[in-house]
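K.L.:
below is the sequence, then the predicted model.
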Amino acid sequence: MKYRAEIDGLRALAVVPVILFHAGFELFSGGFVGVDVFFVISGYLITTILIEDIENKRFSIVNFYERRARRILPALFFVMLVCIPFAWMWMLPIQMTDFSQSLVAVGLFASNVLFWLESDYFAAASEEKPLLHTWSLAVEEQYYVIFPIFLLIAWRFGRNRVFWVIVSMAVISLLFSEWGWRNKATANFYLAPTRAWELLSGSIVAFYVQKHGVQKNNFLSSVGFVAIIFSIFAYDESTPFPSLYALVPVLGVLLLILYAENKTFAGRLLSNQVFVGVGLISYSAYLWHQPLFAFARIRMLEHPSEMIMLILSLLSLMLAYISWRYVEAPFRNKSLVSKRKVFFLSIISLSSFITFGLFGYYNQGFPNRFPDSFVKTLNDVDPRNRTQRLIGIGCHFSGNLPRPLPSACGVNNWKNQTEVLLLGDSHLDAIGYQLLDRFKAKNISAYALSYNSCAPIGGLYRPNADSTFQCSEYNKVVRKFAETHGVKTIVLVARFPLYLLGERYNNGEGGIENGGSLPLDIIKNVKLQEHDVELSREERVAERYRTEIQQLARDFNVIIFSPTPEVGWDVPSYYSKLTRFTNYPTLNDVVVSHSLDNYLKRTHQFTNILSSIESDKLHVYEVHKLFCDYKSRRCLANFGGNLLYRDDDHLSPYAANIVSEDFFEFYEKQMLIR
């Protein structure tokens, strides 16, 4: 196979945007398409090699896997090995448990499956997973396992037939991904069937180039280059991916492979020494960047600044050169490392990582690394150790709603009648069990049902969410429940400011909540007022909040919890950092606090909405006053060794007990229980 310098340059065009995107630079909002560029390149190169070997009757599946092992495994194993001591020093038990699982998954070439399965609400923040990026390697590895065998078997039916079969498979995979982002967005992102068309696209052009060679076309190669650049800067996390949108960068790569002959503008640019140099170390750079970013976020008290992330980005290139020069290159040299040694070392390394990972997982992240009192504090807020969460008895949902609704979600429900209905999102789930327990003790019929990332306000939906997100359906179901079960009082608990503003919380003190934006918008057929087309999304949602709450307050007694103060920092993690990396004398001396003024600014618009509603049946329970002091202008996230949060915004069971007791006193006063 003839070496093409522009392909190495294309690798540089892929890896640099990926690194800068993961570093958090907003300019490179679509930098994630670099992974798709890598997929197309891999499909092209592997298919070219396979076609040449098959046609020259020198194909050997053993030799193929040997080449793949030499190319992929040494640098990967080196990075994994370096990660382990830092994980041991800095990771909390829950983080170490996740990391241990990822070691096993990488060893089994299935990390994409793991991260798909881990993508539930309680998975650790993706930004703090050192091996998250290996999902793309797993997709390629799965392709390497299946495609060569398919090609070898199918070749007997003729080259042209094989080509059209591959084209058909690529089209089916593309259509599947277009269906997938609408219906199973997370699976669509991580799993091979909806990514296969990108690899197969590279395979398709490999057939053409192998037969006709690279064609010189300055215009088409420039269009391909511009298409990739456009997607890097124009796309963002809200862009459905992979989908038809991915055709832009994928077709861009195909045009460059087909037409970027070295005398074209794009070919000369990509063949530049800088591009080629970065391209040569691109694989190692890709391996290094995520662990560097993840461990920086794990270790630092504040969210890393742009300058720190830029330095780490440059460091990933420096480390990439070292691992390319002293790990990748030697293992590709057959005179230095024999075939037998490659396979032996690969098997030993894979077995070792899998064994260590299993040991770490079944030992729950090696909690004995920390003092018992510290571990107990963390265990008290670990969602995986809780046995009394509403989700455990089927009352908190993130997918399809069950029919009928579970009876276990209520207490004292005689003759299918419910006096109090608690509705909300995961903030209700965090305190719902304790609230129901209070109602149960007072012999009051109550029912609680929460839906993840969904405001309990009818007529709203989340743009770009897949079809399993049934927020609108949830609100229809619970409203019907209220009308048919004799409900007198509705209690609403949710992150209303988040859905209104759309952006995650920044506490202004270095604490920035992980995760993408979560805006809601009104359903198109929901009419607000005659001039609603002139309103912004934020104004539309605010108006919908006001209209729906007014309607509820006409039909029911309504109690709305003031928004739970968001913290910005993951409280268990931040508390542990203060404990381990600062000079507090004891655990009880550690104080995690944040700005009351920032909270009031965050909730100001929602508070104004409630204030504008005139109804004696609407009551606001100011939950934030339990944890915020108006004199010091600070809100607490812990009371000594008792953490009030299990993450950056959900209350802990300890705090939930405080809230439930105080709320019930409020409820008795406001609702005059008979």
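P.N.:
In hand now; what should we look at? Numbers count the residues shown, from 1 in each chain.
K.L.:
residue ranges for the helices of the stretch 501-650 of the chain, please.
P.N.:
537-555, 571-581, 596-611 (DSSP state H, counting those that start in this stretch).
K.L.:
quick one: buried residues of the last one?
P.N.:
Neighbour-count burial for helix 596-611 flags 596, 598-600, 602-603, 605-607, 609-610 (criterion: 16 or more other CB atoms under 10 Å). Using the backbone N, CA and C atoms, a C-beta is placed for each residue, glycine as well.
K.L.:
I'd like the distance between Cys471 and His303.
P.N.:
Look at Cys471 and His303: by CB to CB, to the nearest Å, they are 29 Å apart.
K.L.:
neighbour-wise, which of these two wins?
P.N.:
A side-by-side neighbour count of Cys471 and His303, using other CB atoms under 10 Å, places Cys471 first with 24 against 21.
K.L.:
and the helices of the stretch 501-650 of the chain: which comes nearest Phe275?
P.N.:
Closest to Phe275 of these is helix 571-581 (CB to CB; 38.8 Å).
K.L.:
quick check: mean pLDDT across the closest one?
P.N.:
Averaged across helix 571-581, pLDDT comes to 91.
K.L.:
do stretch 33-45 as well
P.N.:
Average pLDDT, stretch 33-45: 97.
K.L.:
strands of the stretch 251-400 of the chain, start to end?
P.N.:
Under the criterion DSSP state E, counting those that start in this stretch, the stretch 251-400 of the chain contains strands at 396-397.
K.L.:
circling back to that earlier point, among the helices of the stretch 501-650 of the chain, which is nearest Ala206?
P.N.:
Taking CB to CB, helix 537-555 is the member of these nearest to Ala206, at 44.6 Å.
K.L.:
for the helix or strand harbouring Leu175, which helices and strands make contact with it?
P.N.:
Following DSSP states H and E, one finds Leu175 within helix 159-183. Contact partners of helix 159-183 among helices and strands, from 3 or more CB pairs under 8 Å, 6 or more residues apart in numbering; DSSP states H and E: helix 134-154, helix 185-190, helix 196-212.
K.L.:
about what we covered before: with distance to Phe189 and pLDDT added, can I get the buried residues of helix 596-611 in JSON lines?
P.N.:
Conversion of the buried residues of helix 596-611 to JSON lines gives the following (distance: CB to CB, whole Å; pLDDT from 0 to 100):
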{"residue": "Leu596", "distance to Phe189": "38", "pLDDT": "96"}
{"residue": "Asn598", "distance to Phe189": "33", "pLDDT": "96"}
{"residue": "Tyr599", "distance to Phe189": "33", "pLDDT": "96"}
{"residue": "Leu600", "distance to Phe189": "37", "pLDDT": "96"}
{"residue": "Arg602", "distance to Phe189": "30", "pLDDT": "96"}
{"residue": "Thr603", "distance to Phe189": "33", "pLDDT": "97"}
{"residue": "Gln605", "distance to Phe189": "32", "pLDDT": "96"}
{"residue": "Phe606", "distance to Phe189": "32", "pLDDT": "97"}
{"residue": "Thr607", "distance to Phe189": "37", "pLDDT": "96"}
{"residue": "Ile609", "distance to Phe189": "35", "pLDDT": "96"}
{"residue": "Leu610", "distance to Phe189": "37", "pLDDT": "96"}
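K.L.:
next one: Gln142 from Lys2, what distance?
P.N.:
28 Å.
K.L.:
could you do Lys617 as well?
P.N.:
Taking CB to CB, one finds Lys617 at 78 Å from Lys2.
K.L.:
kindly report the same for Ala196.
P.N.:
To Lys2, Ala196 is 26 Å away according to CB to CB.
K.L.:
and for Asp382?
P.N.:
56 Å.
K.L.:
the more surrounded of the two?
P.N.:
A side-by-side neighbour count of Asp382 and Lys2, using other CB under 10 Å, places Asp382 first with 19 against 7.
K.L.:
I'd say Gln142 and Ser111 touch.
P.N.:
No. Applying CB atoms under 8 Å as the test, Gln142 and Ser111 come out as separate, 10.6 Å apart.
K.L.:
just give the number of residues close to the residue nearest to Arg646 when sequence neighbours are not counted.
P.N.:
Using CB to CB, 6 or more residues apart in numbering and skipping the chain neighbours, the partner closest in space to Arg646 is Val381 (4.0 Å). When counting by other CB under 10 Å, one arrives at 25 neighbours for Val381.
K.L.:
wait, Val381 sits on Leu643?
P.N.:
Yes. Val381 lies in contact with Leu643 (CB under 8 Å); the separation is 4.9 Å.
K.L.:
what about Phe581, neighbour count?
P.N.:
Phe581 is flanked by 12 other residues according to other CB under 10 Å.
K.L.:
could I get the contacting residues of Glu141?
P.N.:
With contacts taken as CB atoms under 8 Å, 6 or more residues apart in numbering, Glu141 has the following neighbours: 68, 72, 109.
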